[in-house]
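S.K.: Predicted model and sequence below, questions to follow.
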Amino acid sequence: MAYEIQPKASHFIDGAYVEDTAGTPIRVICPVSEEEIARVYAATPAIIEQALASAKRAQVAWAAMTGTERGRVLRRAADIIRDRNYDLSVLETNDTGKPLQETLVADATSAADALEYFGGLAGALTGEHVQLGEDFVYTRREALGVCVGIGAWNYPTQIAAWKGAPALACGNAMVFKPSETTPLCALKVAEILHEAGAPAGIYNVVQGMGEVGHALITDPRVAKVSLTGSVPTGRKVYATAAEGIRHVTMELGGKSPLVIFDDADLEDAVGGAILGNFYSSGQVCSNGTRVFVQKGIKDAFLKRLADRLQDVKMGDPLDESVNFGPLVNAKQLDIVQGFIAKGIEEGARLVCGGEREKRAGYFLQPTVFADVSDDMTIARDEIFGPVLSVLDFEDEVEVLARANNTDFGLAAGVFTNDLGRAHRMVAGFEAGTCYINTYNLAPVEAPFGGSKLSGVGRENSKNAVDHYSEMKSVYVSMTAVEAPF
Ligand SMILES: NC(=O)C1=CN([C@@H]2O[C@H](COP(=O)(O)OP(=O)(O)OC[C@H]3O[C@@H](n4cnc5c(N)ncnc54)[C@H](O)[C@@H]3O)[C@@H](O)[C@H]2O)C=CC1
């Protein structure tokens, strides 16, 4: 049975849906029809209090369970998500406008992967034993307590699980605030976790704008905040967390380089550029939007890219043959159109696209600029839309310096058949996530996150465990205490 788009209530707290219509209304606008399809209400102070109190209450008993017991809950949730992948994908498509063709393979499935992976890991989380002569130290890996997750709008199901799964595996409780633009999917993650056996209060969802996020992370009960969002928001959230010396994970924006050498496989390089710029209509943080193409392959690359863009099928994202959806909302469409106008004004050559589609919905054509120089706005700022910029280069040393000449450092990619060069390039990239001869894959087994302004900490992989737990060191003396007096 398909999910209703309108949720039962705005928030999920202490194992149940909770409503409080006194909060500011949040209208969920369908990016295709431009009409309201659901409405939720921002959390009031009473709702925020309820969520934090329930998380605080539930966390101690959850942390006292064995890791294997906690892991079992997460793995059950993963199974439920896989069983309901179709319905969850339809909901994600309604929430975001991303094509069902994508959401069926990249969203709920990625959430299930995270729950399965961290569920499996939970029983294997241990401390260490350090022998010191007769004495010894042992370390206990302990939960942080109540963690707050704050999400962006591009991957609502995935983000809710990427934060929730490691947090819960380590014995924390979570209060998750989805983006106000896409409030629907995280509620399902909460509902499914509880159906899988998570005790009430372990994973709560509250809706709201920045103020709700701010109220959550300034509460003394909160030990950590993990944000996925833009750099300006990251600065604010990081600074607020610093007041309380709280732990942070920051997954922020990017302006990543994708470097294509003359010797690259042309078809793969074009495929990588498409994945790194037009998937989710370009609304992906790690996108390789500065495509540096070596001069010898540039004409062939641009020609093949333009050919392959002929296969873009725009339309109702619920139609499984559609492979390119609208932008998430009118505001994002305006922002991206503003960047396109700026690109033209600053002298970049528009190769294709650039126009809003003449139909209902926030559809914007996939856009390619060539002859882009490093100082142009479209080469410097994160656009978060379907705009690819081609920049020319001559040699390896030059392109590496230019690739790194940005304050961001989320991802970077290289296409070449020269093995030595590929590894030299990734060693030189100032970025948290690098690709050789592919782009934008993010398996749960690999750490994901950014350097420089793109973030702090890593999500996924065993690495995430360090960001949701801390070590307690216990010195055990086996001998008499020697005191000076
Ligand atoms: N590195 C990564 O893993 C990813 C990063 N992003 C980045 O996210 C951005 C797009 O997402 P948006 O939702 O537009 O980002 P945003 O920065 O506008 O909002 C992110 C979240 O922060 C909340 N927020 C805003 N102000 C706050 C405050 N003062 N205190 C607490 N919470 C606050 C918002 O309500 C929202 O839930 C892009 O820059 C993109 O690159 C998106 C996806 C993945």
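M.R.: Sure thing, it's come through.

S.K.: Distance of residue 142 relative to the ligand?
M.R.: Distance, residue 142 to the ligand, by CB to the nearest ligand atom, to the nearest Å: 26 Å. All C-beta spots, glycine's among them, are computed from the backbone N, C-alpha and C.

S.K.: Give me the phi and psi for that residue.
M.R.: phi -110, psi 150 (degrees, to the nearest 10).

S.K.: Just confirm it contacts residue 469, I think it does.
M.R.: Yes: applying CB atoms under 8 Å, one finds residue 142 in contact with residue 469, separated by 6.2 Å.

S.K.: residues in contact with residue 41?
M.R.: By CB atoms under 8 Å, 6 or more residues apart in numbering, the contact set of residue 41 is 10, 19-26, 207.

S.K.: just residue 129 next, same as before
M.R.: For residue 129, the contacting residues are 136-138, by CB under 8 Å, 6+ apart.

S.K.: Would you mind listing what in the protein touches the ligand?
M.R.: Counting by CB under 6 Å from any ligand atom, the residues of the chain close to the ligand are 150-154, 177, 179-180, 209-210, 213-214, 227-230, 233, 236-237, 251-254, 285, 382, 384, 410, 450, 455.

S.K.: now, which of these lie within strands?
M.R.: Of those, the ones assigned to strands by DSSP state E are 150, 177, 227-228, 251, 455.

S.K.: Buried among these? Make that a ChimeraX selection.
M.R.: Buried members of those, defined by 16 or more other CB atoms under 10 Å, are picked up in ChimeraX with:
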select :150,177,227,228,251,455
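
S.K.: Remind me what the helix or strand where residue 95 lies packs against, helices and strands.
M.R.: Element membership of residue 95, judged by DSSP states H and E, is helix 85-96. Packing contacts for helix 85-96, counted by 3 or more CB pairs under 8 Å, 6 or more residues apart in numbering; DSSP states H and E, involve helix 100-106, helix 108-122, helix 156-169, helix 185-195.

S.K.: Mind putting these into JSON lines with mean neighbour count?
M.R.: Shown next, in JSON lines, are those (neighbours: other CB atoms under 10 Å):
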{"stretch": "helix 100-106", "mean neighbour count": "20"}
{"stretch": "helix 108-122", "mean neighbour count": "25"}
{"stretch": "helix 156-169", "mean neighbour count": "30"}
{"stretch": "helix 185-195", "mean neighbour count": "25"}
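
S.K.: Indicate which one of the ones you listed is closest to residue 396.
M.R.: Smallest distance to residue 396 across the helices and strands packed on helix 85-96 (CB to CB): 32.7 Å, for helix 100-106.

S.K.: Summarise which helices and strands the closest one is packed against.
M.R.: By 3+ CB pairs under 8 Å, 6+ apart, helix 100-106 packs against helix 85-96.

S.K.: Report the buried residues of the helix it packs on.
M.R.: The neighbour-count check on helix 85-96 (16+ other CB under 10 Å) flags 85, 88-96 as buried.

S.K.: How about stretch 7-16?
M.R.: For stretch 7-16, a neighbour-count test (16+ other CB under 10 Å) marks 7, 9-15 as buried.

S.K.: so how far is the first residue of that stretch from its last?
M.R.: 12 Å (CA to CA, to the nearest Å).

S.K.: Other residues contacting that stretch?
M.R.: Contacting residues not belonging to stretch 7-16 are listed as 17-20, 23, 26, 38, 40-43, 47, 50-51, 54, 58, 183-184, 187, 190-191, 194, 199-201, 203-207 [CB under 8 Å, 6+ apart].

S.K.: one more time with 7 Å
M.R.: Here stretch 7-16 makes contact (CB atoms under 7 Å, 6 or more residues apart in numbering) with 17-19, 38, 40-41, 43, 47, 50-51, 54, 184, 187, 190-191, 194, 200-201, 204-207.

S.K.: For the buried ones among those, write the corresponding PyMOL selection.
M.R.: Filtering the contacts of stretch 7-16 down to the buried ones (16+ other CB under 10 Å) takes a single PyMOL command:
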select buried, resi 18+38+40+41+43+47+50+51+54+184+187+190+191+194+201+204+205+206+207
